[in-house]
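Visitor: Sequence plus the predicted model coming up.
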Amino acid sequence: MKIKNHLFENIKILSSPNYDLRPKNAKISLIVLHSISLPPTIFGNRYVEDFFCNKIKSSEEKYINDIKDMKVSAHLYIKRDGEIIQFVSFDKRAWHAGKSSYENVENCNDYSIGIELEGCDDISYEDIQYEKLVEVIKTLLKNYSHLSKDRILSHSDIAPGRKSDPGPLFDWKRLERMLK
């Protein structure tokens, strides 16, 4: 995988309007892993892509109607079949972490890259998702000098008590082994 102009080459790009500029002196120094499925536990539809691009229409599904006007995004989304979609260039501030802090530094969106995995807390992730995630992380580590393997966290690490993703079934030991 290669990055050019803060975008992965040769993957699908869907531009989200839900981003802004990083603070002037912010260094990209954190990777935050999330999980998402819309509606929860339902995979293989376009709701996530539409959600990050503000294109969700009203639905018979109450959960979708409750979130359709929220403005959120992530830099990347890795679907259960391994497809990777980029929504925000890495030099921009995606809106993925919400109220958050790490090592007493608030607003993790300012200095992080957000990666969403299609999934939920109580369903295991697919092998291909781990494989693609490792490819992505290795490429990010090569391209952004302030990133390191020990600064890959879960959403629950930076927003404890508020978020639980990517959940207890995400295999951190497996990710660590694969990154070696």
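Guide: Looks like it arrived, so ask away. This is a predicted model, so every value here is computed, not measured.
Visitor: what's the span of stretch 163-171 from first residue to last?
Guide: 17 Å (C-alpha to C-alpha, to the nearest Å).
Visitor: Next, the buried residues of that stretch.
Guide: 163, 165-167, 170 (16 or more other C-beta atoms under 10 Å). For every residue, glycine as well, the C-beta is placed using N, CA and C.
Visitor: and residue 57, what pLDDT?
Guide: On the pLDDT scale, residue 57 is placed at 87.
Visitor: Does it touch residue 68 like I think?
Guide: Yes - the pair residue 57 / residue 68 is scored as a contact, 7.5 Å apart, by C-beta atoms under 8 Å.
Visitor: if you count what's nearby, which of those two comes out ahead?
Guide: Legend: neighbour count by other C-beta atoms under 10 Å for residue 57 and residue 68, higher for residue 68 (18 against 8).
Visitor: mind checking the SS state of residue 63?
Guide: Following DSSP: H, G, I helix; E, B strand; the rest coil, we place residue 63 in the helix state.
Visitor: What is the longest helix that the chain contains packed up against?
Guide: Assignment by DSSP state H gives helix 127-143 as the longest helix of the chain. Applying 3 or more C-beta pairs under 8 Å, 6 or more residues apart in numbering; DSSP states H and E, we find helix 127-143 packed against strand 3-4, strand 30-36, strand 76-78, strand 112-118, helix 172-179.
Visitor: Contacts for it, please.
Guide: Contact partners of helix 127-143, identified using C-beta atoms under 8 Å, 6 or more residues apart in numbering, comprise 1-3, 8, 31, 33, 76, 78-82, 84, 90, 113, 115, 117-119, 147-149, 152, 171, 174-175, 178-179.
Visitor: 6 Å - rerun?
Guide: Here helix 127-143 makes contact (C-beta atoms under 6 Å, 6 or more residues apart in numbering) with 1, 3, 78, 82, 84, 117, 147, 178-179.
Visitor: Rebuild the residues you listed as JSON lines, extending it with pLDDT.
Guide: Putting these into JSON lines (pLDDT from 0 to 100) gives the following:
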{"residue": "1", "pLDDT": "94"}
{"residue": "3", "pLDDT": "98"}
{"residue": "78", "pLDDT": "98"}
{"residue": "82", "pLDDT": "98"}
{"residue": "84", "pLDDT": "98"}
{"residue": "117", "pLDDT": "98"}
{"residue": "147", "pLDDT": "98"}
{"residue": "178", "pLDDT": "98"}
{"residue": "179", "pLDDT": "97"}
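Visitor: Out of the residues you listed, give me the two with the largest separation.
Guide: The distance between the two most remote of the contacts of helix 127-143 (C-beta to C-beta) is 22.2 Å, for 82 and 147.
Visitor: what distance separates the helix or strand of the chain with the lowest mean pLDDT from the centre of its chain?
Guide: Ranking every helix and strand in the chain by mean pLDDT, DSSP states H and E puts helix 62-67 at the bottom, with a mean of 91. Distance of helix 62-67 from its chain centroid, counting by C-alpha atoms, centre = their mean, to the nearest Å, is 20 Å.
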